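*Asks:* show me how the following folds:
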Amino acid sequence: MKSMGRRGFLAAATALGAGAGVTAYAAVSAADGNKTPDKTPDIALRDRDLPFIGTEETFTTPTLLKLNSINQDHIAFLEETGLSDLGQRRIGDMDAGGLNVQILSAHTPSVQNVPGQRGIDLAYHLNRQLVDGPIAKYPGRFKAFATLPLQSPEAAADELERSVREDGFLGALTNGHIAKKYLDHPDFEPVLARAVALDVPIYLHPGYPADEVFKIYYSTTRSKYTEEYQDYIFSGSGYGWHQEVLTQCIRMIAYGVFDRFPKLKIIIGHMGEGLPFYYERIVNDMGEPTKDSLEKPIGQYFQDNFWVTTSAFPQTELLDLLLKYISVDRVMFATDYPFADIKEQTDWFRGVDLPREAKEKIAFRNAEKLFGIKVPVK
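*Replies:* Residues are numbered from 1 along each chain as shown. Presented below is the predicted three-dimensional model:
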């Protein structure tokens, strides 16, 4: 297996499902030794005891590595990150950063490309591996979102219910389109209805676009572009992922999903996937054409049905902008481990200049309330 140089690292880190939220900029910054901007010492000292629940924390297994990797260098990179480690390395990183709990989710695109009974069985076994492995071995340190065979919606709804009722899972996480459809499609109403009945959220994580979309938006004939995986970076963590999730959110609102399921709870990561930047534009421009077809103003759905996590975006300016439009009661901490450093993000947040009450909400209390869990007492 050839070694991973700087270019190989960047390529593998961002190519075809390499990580939830690791951007080319972040990878370069880490490689160059760039540091998080100085935090406010007095505030960080005040909040040094702040506990954290990480709400977007990724894992894989040998089966998923083989299923979703593009080459041996890609597998080597993912193994080096610790993505498949659900033991002492992960616990050590959590302890070093002061992360009390990780809510685990399967690496994109998980099993969504596996059709039929094989996909159904694989989802079940992945969920059971977590229950019998890290959740049992490290009581209180790990929770999980269910992996669902969404390409088989009825089976996905059943697995969601089984995993929540029998194994204590906190909801489910999806990864982009499912056979060129999003959750606003009628095929997935059984899954949405079951989530509402169980009162658990669905986390919308990005995935790579369908081939035809990829070709139109992101491909090029320039050889260096593809040799360096720039097309995958562009379509993924460098840009496309974030646009894809936000597009899915707007589709779900505009196509009436939340009018049919007013109690549906949706989580999005990466500091809102661009929502804070586009919020006023969306609300103003989409408000008029939807006012007669939706039961509420379009902006109200973001307030009523969505939660947002900070995963892999430890930037105070973005957090400030997010809190301008989304209630502090709907924002939760996340790290995007292992593709982003836990300690860098907990250190950043401890130094953020917000009232202690607001920081507790983001760090752990909102997650406790949404998921019905508690930070374990040390």
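
*Asks:* okay, now Ala106: neighbour count?
*Replies:* Applying other CB atoms under 10 Å, we find 28 residues neighbouring Ala106. Just so you know, the C-beta spots here come from the backbone N, C-alpha and C atoms, and that holds for glycine as well.

*Asks:* give me the phi and psi for the residue lying closest to it once chain neighbours are set aside.
*Replies:* For Ala106, ignoring the flanking residues on the chain, the nearest one in space by CB to CB, 6 or more residues apart in numbering is Thr147 at 4.5 Å. Main-chain dihedrals, Thr147, degrees, to the nearest 10: phi -80, psi 130.

*Asks:* contacting residues around Thr147?
*Replies:* 105-106, 110-111, 123, 126-127, 172-173 (CB atoms under 8 Å, 6 or more residues apart in numbering).

*Asks:* how about the strands in the stretch 1-150 of the chain?
*Replies:* Ranges of strands in the stretch 1-150 of the chain, per DSSP state E, counting those that start in this stretch, are 53-59, 101-106, 142-144.

*Asks:* of those, flag the one that's most buried.
*Replies:* With neighbours taken as mean count of other CB atoms under 10 Å, the strands of the stretch 1-150 of the chain reach their highest mean count in strand 53-59, at a mean of 28.

*Asks:* identify all contacting residues around that one.
*Replies:* With CB under 8 Å, 6+ apart, strand 53-59 has contacts from 19-21, 83-84, 86, 94, 99-107, 130, 203, 205, 267, 269, 309, 311, 332-339, 342, 363-364, 367-368, 373, 375.

*Asks:* rerun that using 7 Å as the cut-off
*Replies:* The contact list for strand 53-59, computed with CB atoms under 7 Å, 6 or more residues apart in numbering, reads 20, 83-84, 86, 99-107, 269, 309, 311, 332-339, 364, 367, 375.

*Asks:* of the strands of the stretch 1-150 of the chain, which is nearest Glu228?
*Replies:* strand 53-59 (24.0 Å; CB to CB).

*Asks:* so that closest one versus strand 101-106, what angle?
*Replies:* Counting by axes from the mean of the first three to the mean of the last three CA atoms, to 10 degrees, strand 53-59 points 30 degrees away from the direction of strand 101-106.

*Asks:* which positions in stretch 146-155 come out as buried?
*Replies:* 146-153, 155 (16 or more other CB atoms under 10 Å).

*Asks:* and that stretch, how far apart are its ends?
*Replies:* With CA to CA, to the nearest Å as the measure, stretch 146-155 spans 13 Å from end to end.

*Asks:* hmm, back to that, nearest to Thr316, out of the strands of the stretch 1-150 of the chain?
*Replies:* Of the strands of the stretch 1-150 of the chain, nearest to Thr316 by CB to CB is strand 53-59, at 18.7 Å.

*Asks:* ok, that closest one: who's next to it in the sheet?
*Replies:* When pairing is defined by DSSP bridges, strand 53-59 lines up against strand 101-106 (parallel).

*Asks:* contacts for the strand it pairs with next, please.
*Replies:* Contacts for strand 101-106 (CB under 7 Å, 6+ apart): 53-60, 64, 94, 126, 130, 141-145, 147, 170, 173, 203, 205, 337, 375.

*Asks:* tell me where the stretch 151-300 of the chain is predicted with low confidence.
*Replies:* For the stretch 151-300 of the chain, no stretch is flagged by pLDDT under 70.

*Asks:* quick one, helices of it?
*Replies:* 153-167, 189-198, 211-217, 223-227, 230-235, 240-254, 257-260, 275-290, 298-305 (DSSP state H, counting those that start in this stretch).

*Asks:* these: which one's closest to Asp353?
*Replies:* Across those, closest to Asp353 is helix 275-290 (CB to CB), at 17.9 Å.

*Asks:* what is the closest one packed up against?
*Replies:* helix 240-254, helix 298-305, helix 316-325 (3 or more CB pairs under 7 Å, 6 or more residues apart in numbering; DSSP states H and E).

*Asks:* redo those helices as a markdown table? Include mean neighbour count and distance to Pro115.
*Replies:* Converted to a markdown table, the helices and strands packed on helix 275-290 look like this (neighbours: other CB atoms under 10 Å; distance: least, CB to CB, whole Å):
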| stretch | mean neighbour count | distance to Pro115 |
| --- | --- | --- |
| helix 240-254 | 21 | 21 |
| helix 298-305 | 19 | 30 |
| helix 316-325 | 16 | 37 |
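
*Asks:* all set, thanks.
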